[in-house]
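Asks: With the sequence up front, the predicted model follows.
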Amino acid sequence: MMKPDFSKNPDQLIPAIIQDAITQKVLMLGYMNAESFEATQKLQKVTFFSRSKQRLWTKGEESGHYLNLQSIQLDCDQDCLLIQALPQGPTCHKGTDSCWGDENNHPLATLLELEAVIDLRKKENTADSYVASLFQAGINKIAQKVGEEAVETVIEAKDNNADLFLNESADLLFHYLVLLQAKGYKLEDVARILAARKK
């Protein structure tokens, strides 16, 4: 990534738009100087230059509602940042999810959050994690589990018990997400293919 051009503004500040990395909701707008930009990358927590406090300010330093850095993008003019983060609690000082008062949700947020948890379990590889044990067992075991859950879902589809059918469907979807990550893919990769098939 190219470096931001802080010299374009007399106060050496550029706007930083904060977006939830999972829901894609815009959470807030802050301002960064070169020092806060570097601190954000070093701490992996979004840090601004507070115009009211006239100092560096890490979001959540008092409330504990940090914005955990996921990625930084620079716009075409190099004077505005789009920062994707994972919020720990409400973003706004008024207690709302965003500074616009709307809720930070997404119709598929549960699946995206689950995908993030699966990725975390894969990386942590803890002994007491079912997901980690699937990755340790290998691709054949994961694929087998998807097959088993698919058969169980089909069996329940033939009956009239909605609760059992939906629970088996959830098991199938869960194991499919594990299989996708075992192959190095995510749900968005499949979604792109489905979008390309639209006529």
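Replies: Looks like it came in fine. Numbers count the residues shown, from 1 in each chain.
Asks: Leaving out the residues flanking it, which one is nearest to Val190?
Replies: Among residues not flanking Val190 along the chain, Leu180 sits closest, at 7.2 Å (CB to CB, 6 or more residues apart in numbering). Yep, even glycine has a C-beta here, placed from its N, CA and C like the rest.
Asks: pretty sure that neighbour belongs to a strand, no?
Replies: No - counting by DSSP: H, G, I helix; E, B strand; the rest coil, Leu180 is not part of a strand but helix.
Asks: Surely it and Ala191 touch.
Replies: No - with contact defined as CB atoms under 8 Å, Leu180 does not count as touching Ala191 (11.2 Å).
Asks: Between those two, which has more neighbouring residues?
Replies: When Leu180 and Ala191 are compared for neighbours, Leu180 comes out ahead with 19 against 11, by other CB atoms under 10 Å.
Asks: And the contacts of the helix or strand where Leu166 lies?
Replies: For Leu166, the host element (DSSP states H and E) is helix 162-182. Helix 162-182 has contacts (CB atoms under 8 Å, 6 or more residues apart in numbering) with 111, 114-115, 118-119, 122, 131, 134-135, 139, 142-143, 145-146, 149-150, 152-153, 155-157, 159, 186-187, 189-190.
Asks: Quick one, which of the residues you listed are buried?
Replies: When the contacts of helix 162-182 are checked for burial by 16 or more other CB atoms under 10 Å, the buried set is 114-115, 118, 122, 131, 134-135, 142, 145-146, 149-150, 152-153, 156, 186-187.
Asks: Let's see which of those residues end up in helices.
Replies: 114-115, 118, 122, 131, 134-135, 142, 145-146, 149-150, 152-153, 156, 187 (DSSP state H).
Asks: if you skip the residues just before and after it, what's nearest to Ala150?
Replies: Distances taken as CB to CB, 6+ apart put Leu172 closest to Ala150, at 5.7 Å, once the chain neighbours are dropped.
Asks: Show the pLDDT at Met1.
Replies: Here the pLDDT value assigned to Met1 is 66.
Asks: oh, and call the first residue 40 from now on, that's how I've got it
Replies: Okay, using 40 as the starting number, the last item reads as Met40.
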